[in-house]
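[1] sequence and computational prediction follow.
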Amino acid sequence: MRKILIQIILLSLTFSLSSQERPDLGLNGTVTWIDDTHIRVEYDWSNNNQLLDWTTTSGSSLVRGNGAVIINNGTVPVRAMIWTRGIKCSKIIAEDVVALTDEGHHLNFYANLNTFTGENYFPDPGLGAVLATYKNFWVHNGTKTDNIGIPYIVVGVPQDYEFTMSAEGMTIKSSVDNVIYSYNNPCTPLPDRKIALGGWGGNTQWGKITIEGEIILPGQEEQIPSDVINIQSTGSVFAPVIEVTGNPVIEWIFDDLTTSSSATPVKEYGSTGSRRNYLKVTPWSALVGINVGYDAADGGYGDFAMVRNQFVEKFDNLSIVKDNLEYLCANYNLLAELDLRGFSAIKFIELYRCHRLKKLSLDSHPVLERLCVENCDLDGLDLSGCSGLEDLRAAQNTYASINWGSIGQSLWHICIRDNPQMTVNIPDLTQFPVLRELYIWNTNQTGALICNNSVIREIIVYNNQYSSVDLEGCTGLRILLLSGNPLTSINLGTAEALRNVTLNRCGLNQTQIDYVLQTLDANGLSNGILDLTLNEEPSLFGKVCLRNLINKGWKVEGVTGIEDFQDNTGLMNIIMTDFEMRVLLKDNFISWNAGLYNVNGVRLFSKLIDSDEIVFNISSLASGVYMVELTDGKQRHVKKVLIR
């Protein structure tokens with residue numbers, strides 16, 4: 001009996017210790033402990049909770065179904081899902097993986113990442129294998145290295161893959177031939193790194209995924225003291241700038257325990273890695289600015305120090321300075337979320353191109369003057385407490401709507417362009433009495449556009465679904481870009497200041513075209529720009545007005561049909577096959593939009609330009625005349641092409 005009791009006690013003790021050593025990691029996949037610090041996590045995509053363990057690159061979404069997940073759409077070159085758990089990864093097994101679109105035809109496997117935005121398919125640091133329909137290669141810390149002998153992928157044909165990494169190198173194996181292909185060069189997998197799976201340029205589908213590796217257990221890391229702000233950075237150098245008033249005591253404690261008392265410290269770590277940088281200012285009320293990235297991008301005007309991206313992942317205990325912080329600059333940084341609730345003194349928030357930024361929490365910010373969150377990944381934006389907001393930059397995110405509340409009395413600039421996923425219109429423009437610049441193109445706006453504001457200077461709203469336009473009283477309006485809206489009525493008012501008007505693909509009839517030409521002719525201005533492409537031709541009366549405009553130096557496009565479409569600048573070369581059209585660009589058009597249209601002005605394809613070559617799949621198109629358009633919203637180049 002004594003022996004049995006001892007055995008029971010030992011079993012209970014073992015179970016107790018085992019339970020303590022196997023903490024809940026908060027993961028929604030199936031976790032198996034290999035040993036005390038190594039785990040295997042499986043995702044069979046049987047429920048939506050599993051999606052919570054993954055984030056995506058900008059503009060992408062995860063669509064689950066039939067035991068697989070699709071990485072759908074995106075605004076960066078590599079459309080990927082990133083595992084939220086840090087790990088020293090040793091193996092990734094992915095079943096039934098397939099590239100779904102001809103435009104992309106890539107599969108990208110990455111591990112050992114500090115972060116991943118999808119902007120660069122050679123991440124540094126990073127270990128990876130990139131597979132395509134015509135090439136396969138290894139990625140090692142920012143460099144495309146040896147070719148992989150593994151068979152090329154086939155679009156639409158799923159395969160299984162096993163990707164491993166260790167100090168000795170990397171391997172990959174596919175179900176095509178079950179041969180292990182190796183990269184035999186020293187690698188350095190590190191703890192608490194990210195993995196990313198996806199594909200360049202197109203949608204991909206991933207079946208069951210298994211991840212193996214070593215983790216840092218919860219509680220093993222040092223707790224952050226409550227009386228410091230932690231700025232978590234991943235770069236090889238940490239060189240922020242802070243602004244203080246008076247003569248406070250500044251104390252920095254860096255990850256290697258070295259210190260600084262400077263408002264502009266420069267800490268050379270020598271290599272990349274996730275590190276803590278503690279800041280303490282006595283008194284805290286003296287700290288008015290934190291700058292970990294600023295270049296005056298997107299119209300920045302705060303006169304802040306120019307600071308390179310410091311690769312900051314997060315701020316801890318930032319609320320310490322909620323009563324006195326006046327600006328926070330973090331352009332291009334790696335923030336995934338930021339909570340600024342209660343920051344009553346904040347005037348400037350600069351978060352340009354924080355591609356990972358999914359959540360920005362705001363509440364009452366009565367003196368906030370400028371908010372820049374352009375080209376982030378925000379899934380929501382609540383401005384209802386920003387009563388003094390003057391300058392809003394919030395283009396290229398993923399939110400479906402904006403909560404404006406009743407704010408807008410001071411807003412002179414609104415830019416929410418290129419958010420085609422929006423489902424709610426911008427408020428009635430009477431809510432913005434001092435608005436001078438309205439940039440809301442490609443935001444799925446519908447119904448009537450009504451603006452009767454004498455101070456507005458620019459309205460750029462092309463590629464929406466507006467059915468009518470009323471601009472009576474907009475006596476200061478200089479630029480009006482309306483292309484791509486299916487208009488049934490148009491009122492330009494006196495148009496007395498208009499010099500740049502684009503109305504291509506608006507479905508305007510002859511009477512409406514005549515009205516536009518007559519109104520612009522009557523305003524008496526010279527040297528303007530007018531685009532009426534792919535509408536009806538003017539009457540003889542309209543052509544008289546047209547000739548008057550041309551004699552006054554106006555450049556007018558599109559009034560005699562597609563013959564006016566010529567790329568006289570020679571900026572494009574077109575290479576055509578039976579299946580694809582390759583557009584070779586002779587100048588820098590990065591971040592412009594490229595579109596392919598039929599002769600009726602219907603857009604067939606649209607792509608964000610990220611290199612000097614664009615490829616359109618034309619295998620399904622009938623023979624005929626088409627137009628290739630390059631535009632950044634203000635400039636436009638068009639070339640007529642013939643598909644035989």
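    Sure thing, it's come through. Residues are numbered from 1 along each chain as shown.

[2] phi, psi of C89?
    phi -70, psi 140 (degrees, to the nearest 10).

[3] surely it meets E212?
    Yes: at 7.3 Å, C89 counts as touching E212 under the criterion of CB atoms under 8 Å. C-beta: built from backbone N, CA, C; applies to glycine.

[4] neighbour-wise, which of those two wins?
    C89 (27 against 18; other CB atoms under 10 Å).

[5] tell me how many other residues crowd F432.
    Using other CB under 10 Å, F432 has 23 neighbouring residues.

[6] which residue packs closest to it, ignoring adjacent ones?
    Spatially, and ignoring its direct neighbours in sequence, F432 is nearest to G408 (4.4 Å; CB to CB, 6 or more residues apart in numbering).

[7] how far away is the one you found from S454?
    G408 sits 17 Å away from S454, going by CB to CB, to the nearest Å.

[8] for the spatially closest residue to L534 that is not a sequence neighbour, pull up the helix or strand it's in.
    Nearest non-adjacent residue to L534, counting by CB to CB, 6+ apart: G601, 3.5 Å away. In the assignment (DSSP states H and E), G601 maps to no helix and no strand.

[9] residues in contact with G601?
    Residues in contact with G601 (CB atoms under 8 Å, 6 or more residues apart in numbering) are 504-505, 533-534.

[10] shouldn't L197 be in contact with A111?
    No: look at L197 against A111 with CB under 8 Å: they stay out of range, at 9.5 Å.

[11] which of those two has more neighbours?
    Neighbours were counted for L197 and for A111 using other CB under 10 Å; A111 has more, 30 against 27.

[12] show me what the nearest residue to the more buried one once chain neighbours are set aside bridges to in the sheet.
    With CB to CB, 6+ apart as the criterion, A111 has its nearest non-adjacent residue at 4.2 Å, and that residue is C89. C89 forms beta bridges with G213, as assigned by DSSP bridges.

[13] list the contacts for C89?
    Applying CB under 8 Å, 6+ apart, the residues contacting C89 are 111-112, 165, 189, 193, 195, 211-213.

[14] quick check, pLDDT for it.
    What the model reports as pLDDT for C89 is 96.

[15] again with F589
    Note on F589: pLDDT of 88.

[16] could you do I4 as well?
    As predicted, I4 sits at a pLDDT of 36.

[17] what bits of the stretch 1-150 of the chain have low per-residue confidence?
    Along the stretch 1-150 of the chain, the model assigns pLDDT under 70 to residues 1-21.

[18] which parts of it are helices?
    2-21 (DSSP state H, counting those that start in this stretch).

[19] likewise for the stretch 401-550 of the chain?
    With DSSP H, counting those that start in this stretch as the criterion, the stretch 401-550 of the chain has helices at 510-522, 540-551.

[20] need the winner for burial among those helices.
    Mean neighbour count (mean count of other CB atoms under 10 Å) peaks for helix 510-522 among the helices of the stretch 401-550 of the chain, with a mean of 20.

[21] quick one: contacts for the closest residue to F238 other than its chain neighbours?
    Leaving out its chain neighbours, the residue that sits closest to F238 by CB to CB, 6+ apart is K267, at 4.4 Å. Each residue near K267 by CB under 8 Å, 6+ apart is listed here: 237-239, 252, 254, 258, 260, 277.

[22] and K267, how close does it get to R308?
    For K267, the distance to R308 (CB to CB) stands at 13 Å.

[23] list the residues that contact both of these two?
    Shared contacts of K267 and R308, counting by CB under 8 Å, 6+ apart, come down to A239.

[24] distance check, I407 against L546.
    Using CB to CB, I407 is found at 43 Å from L546.

[25] how close does the closest residue to E119 other than its chain neighbours sit to H355?
    Spatial nearest neighbour of E119, chain neighbours left out: V76 (5.4 Å); criterion: CB to CB, 6+ apart. In this view, V76 and H355 are 7 Å apart by CB to CB.

[26] burial of the residue nearest to T245 when sequence neighbours are not counted, as a residue count?
    Excluding the flanking residues, the one nearest T245 by CB to CB, 6+ apart is A286, at 5.2 Å. Counted with other CB under 10 Å, residues neighbouring A286 total 18.

[27] where exactly do the strands run in the stretch 151-300 of the chain?
    Ranges of strands in the stretch 151-300 of the chain, per DSSP state E, counting those that start in this stretch, are 159-166, 169-174, 180-183, 194-200, 204-206, 209-214, 229-233, 237-238, 241-244, 249-253, 259-260, 267-268, 278-282, 287-291.

[28] deepest of those, which one?
    Of these, the one with the most neighbours on average (mean count of other CB under 10 Å) is strand 194-200, at a mean of 26.

[29] for it, packing partners?
    Helices and strands touching strand 194-200, by 3 or more CB pairs under 8 Å, 6 or more residues apart in numbering; DSSP states H and E, are strand 68-72, strand 78-83, strand 88-99, strand 106-113.

[30] neighbour count for G408 and S454, which is higher?
    More crowded of G408 and S454, by other CB under 10 Å: G408, with 23 against 10.

[31] and the residue nearest to R370 when sequence neighbours are not counted, what is it in contact with?
    Nearest-residue entry for R370: D391, 4.1 Å, with adjacent residues in sequence omitted and distances by CB to CB, 6+ apart. With contact set as CB under 8 Å, 6+ apart, D391 has these partners: 299, 369-372, 411-413.

[32] can you show me the strands along the stretch 501-644 of the chain?
    Assigned by DSSP E, counting those that start in this stretch, the strands in the stretch 501-644 of the chain fall at 529-531, 555-557, 572-576, 580-585, 593-598, 603-608, 613-617, 624-631, 636-643.

[33] closest to S182 out of those strands?
    Between S182 and the strands of the stretch 501-644 of the chain, the shortest separation by CB to CB is 31.9 Å, and it involves strand 613-617.

[34] where in the protein is pLDDT low?
    In the chain, residues with pLDDT under 70: 1-21, 218-221, 560-569, 599-600.

[35] name the residues contacting each of L197 and A111.
    Contacts common to L197 and A111, judged by CB under 8 Å, 6+ apart, are I92.

[36] out of the contacts of D391, grab the one that's most surrounded.
    C372 (26 neighbours).

[37] which residue is the nearest non-sequential neighbour of that residue?
    C372 sits nearest to R393 (CB to CB, 6+ apart), 4.2 Å away.

[38] how near is the one you found to L381?
    Relative to L381, and taking CB to CB, R393 is found at 11 Å.

[39] neighbour count for the two, which is higher?
    The residue with more neighbours, out of R393 and L381, is R393; 23 against 20, by other CB under 10 Å.

[40] how about that one, what does it touch?
    Here R393 is in contact with 298-299, 352, 370-374, 413, 415 (criterion: CB under 8 Å, 6+ apart).

[41] can you redo those as CSV, where the extra columns are distance to G29?
    Listed next are the contacts of R393 as CSV, based on distance: CB to CB, whole Å:
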residue, distance to G29
D298, 38
G299, 43
Y352, 34
R370, 41
L371, 36
C372, 36
V373, 31
E374, 34
H413, 44
C415, 39
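
[42] tell me which of those fall in strands.
    Using DSSP state E, the subset of the contacts of R393 located in strands is 370-372, 413, 415.

[43] what about stretch 286-298, how long is it end to end?
    29 Å (CA to CA, to the nearest Å).

[44] how far away is the residue nearest to A111 from S620?
    40 Å.

[45] over to G553?
    For G553 relative to S620 (CB to CB), the value is 43 Å.

[46] same check on N548?
    Taking CB to CB, one finds N548 at 44 Å from S620.

[47] what does S483 give?
    Using CB to CB, S483 is found at 25 Å from S620.

[48] more neighbours, the two?
    S483 (25 against 7).
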